[in-house]
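Novice: Whatever this is, show me its structure:
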Amino acid sequence: SGWWQPKEERLKVVDDRGEPRLWGQFLANVAEAGHQDVVVPAKATSVQALRELQQLVRSGRPEFLPDVIYLDSSHEAQETMLELEIAFDTIPVGGVLFGDDFLFRAG
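Specialist: Down below sits the predicted model:
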């Protein structure tokens, strides 16, 4: 949805099928940028997607781990630590792990 559409349309967070608009926009952006060969979208929690990726690598598909992982954290301190541990174990030495919502207050 764009700025030119009525406010009611812009505020809809799901499409007519009940799917989140953000997901469709993300896929469209990846396609428009021509990065379908390097971006692997996962419609799952971070923990689920990372564990599935590890399992695929163990079975030989794909043959390599990603060099870059973007982690959109769960916002819960303990789960975020689990996500970061799994992501860190998944990415090869020299890879880049980045994302948001990692900062929590001590104690």
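
Novice: got any ranges where the chain has weak pLDDT?
Specialist: Scanning the chain for pLDDT under 70 picks out the ranges 1-5, 7-11, 104-107.

Novice: Run through the strands of it in chain order.
Specialist: Applying DSSP state E to the chain gives strands spanning 68-72, 96-100.

Novice: Tell me which of those is the most buried.
Specialist: strand 68-72 (a mean of 15; mean count of other C-beta atoms under 10 Å). Any C-beta I mention is one placed from the backbone N, CA and C, and that applies to glycine too.

Novice: returning to what we had before: rebuild the strands of the chain as CSV, extending it with distance to residue 29.
Specialist: As requested, these are exported to CSV (distance: least, C-beta to C-beta, whole Å):
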stretch, distance to residue 29
strand 68-72, 13
strand 96-100, 17
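
Novice: of all the ones you listed, which lies closest to residue 86?
Specialist: Of all the strands of the chain, strand 68-72 sits nearest to residue 86, with 9.4 Å by C-beta to C-beta.

Novice: which neighbours does that closest one have in its sheet, and in what orientation?
Specialist: Partners of strand 68-72 in the sheet, by DSSP bridges, are strand 96-100 (parallel).
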